[in-house]
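K.L.:
Model the structure of this input:
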Amino acid sequence: MTFAPAAMTVEGRHTAAADGSITFWGPGVLRLRLYLARGPVEIAVEARGSSAAGAAPTLEARLDGRAIGSWAVPPGGARTHSFATEVGNAHEALIEIAFTNFHDGGTPLSSRVVSVRRLAVRSPAD
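P.N.:
Next comes the predicted model:
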């Protein structure tokens, strides 16, 4: 299943685009509640970012509050990164994608920001 970030719960300074993407202009989190069956789960995030102060923006994927991985989003066009994990018991899970290393460079063009374009979740329930 694929989700537009603008349709998810969003926390933090952000703007939403007409295509459903979200750009974070500060630390922020996307949250999605979704039923997941027992077994392997893949969470794929499509994003693009702008580096600042020598570092790329970092996105952290969490499942039920537990970090399952992080990704330094390379500058340039949108790219996709997948996080794999296991679900022990079928339940309504909380999936979070957090922007964890915002840097304020004084202007939007000199700050570290990230745009999340879509989120895809694959599990045995699909």
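K.L.:
what are the phi and psi values for the residue nearest the centre of the chain?
P.N.:
For the chain, the residue nearest the mean C-alpha position is residue 97 (3.4 Å; C-alpha atoms, centre = their mean). When read as degrees, to the nearest 10, the backbone of residue 97 gives phi -120, psi 110.
K.L.:
ok, now which ones touch it?
P.N.:
5, 29-30, 43, 45, 59-62, 116, 119 (C-beta atoms under 8 Å, 6 or more residues apart in numbering). C-beta: built from backbone N, CA, C; applies to glycine.
K.L.:
can we see that at 10 Å?
P.N.:
Residue 97 sits next to 5, 8, 22, 24, 28-32, 43, 45, 47, 59-62, 71, 83, 114, 116, 119 when contact means C-beta atoms under 10 Å, 6 or more residues apart in numbering.
K.L.:
Helix, strand or coil: sort out the most far-flung residue of the chain relative to its centre for me.
P.N.:
Using C-alpha atoms, centre = their mean, the residue of the chain lying farthest from its centre is residue 106. It sits 24.0 Å away. Here residue 106 is recorded as coil under DSSP: H, G, I helix; E, B strand; the rest coil.
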